[in-house]
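Trainee: how would this look folded up:
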Amino acid sequence: MLSSPVVRAEPMKFNDKLVEQIFKDFTIPLENVFKFFETYASVDNYKNSGTKLFFMRHAKAESMQEAAPLTDSGKESIQSDEFKEKVIRIQPDIIVQSHLLRSQQTAEAVQNVLEKYSGKKVDIITEKSLRESANNDRIEKIIAENP
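Mentor: This next block holds a predicted model:
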């Protein structure tokens with residue numbers, strides 16, 4: 001990915017195959033998981049408790065390496081009023097992060113915003129299985145095959 005035209009700020013053709021691959025790798029499995037839980041919730045007569053799930057990607061990082069910190073612009077973005085307003089509106093009860101430094105920095109920013117502006121103390125849980133897609137190699141291969 002680091003050698004992709006987007007990272008080098010070069011013009012890039014829109015790639016239907018890449019969009020299709022990302023759709024297959026992320027959206028379809030997510031939809032299948034939802035349908036699975038929806039089906040068994042219906043079978044078990046489960047009543048929704050009002051739980052909401054939000055996904056947030058980390059702020060801009062210096063690289064894709066595990067220990068890569070957020071860039072200065074990434075740090076600025078998580079200090080922006082827009083970011084703070086979104087976090088306050090969402091009001092999560094728990095934050096689950098990956099073990100990557102950039103994820104930890106972003107999760108701590110969310111935690112700090114909630115505590116400072118709404119007085120809410122939110123726990124952060126680290127989950128090692130949450131990280132950049134294991135499919136990055138396939139995506140890089142598709143980009144290389146379809147310049």
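Trainee: so what touches the helix ranked longest in the chain?
Mentor: Secondary structure assigned by DSSP state H gives helix 101-118 as the longest helix of the chain. Helix 101-118 has contacts (C-beta atoms under 8 Å, 6 or more residues apart in numbering) with 56, 58-59, 61, 66-70, 74-75, 78-79, 83-84, 87-88, 91-92, 95, 97, 120-122, 124, 126, 130-131. For every residue, glycine as well, the C-beta is placed using N, CA and C.
Trainee: and the average pLDDT for it is what?
Mentor: Helix 101-118 shows a mean pLDDT of 94.
Trainee: go on, stretch 62-81?
Mentor: Stretch 62-81 comes out at a mean pLDDT of 91.
Trainee: got the contact list for the helix or strand just after the longest helix of the chain?
Mentor: Elements were assigned by DSSP states H and E; along the chain past helix 101-118, the next helix or strand is strand 123-126. Outside strand 123-126, the residues within contact range by C-beta under 8 Å, 6+ apart are 94-99, 104, 107-108, 111.
Trainee: same thing but at 10 Å, please
Mentor: Applying C-beta atoms under 10 Å, 6 or more residues apart in numbering, the contact partners of strand 123-126 are 93-100, 103-104, 107-108, 110-111.
Trainee: adjacent strands (with direction) for it?
Mentor: Strand 123-126 has the following sheet partners, assigned by DSSP bridges: strand 94-97 (parallel).
Trainee: okay, buried residues for the strand it pairs with please.
Mentor: 95, 97 (16 or more other C-beta atoms under 10 Å).
Trainee: swap in stretch 115-130?
Mentor: So, applying 16+ other C-beta under 10 Å, buried residues of stretch 115-130: Val122.
Trainee: in what helix or strand does the residue nearest the centre of the chain lie?
Mentor: Closest to where the C-alpha atoms of the chain average out (C-alpha atoms, centre = their mean) is Arg57, at 2.8 Å. Using DSSP H and E, Arg57 maps to neither a helix nor a strand.
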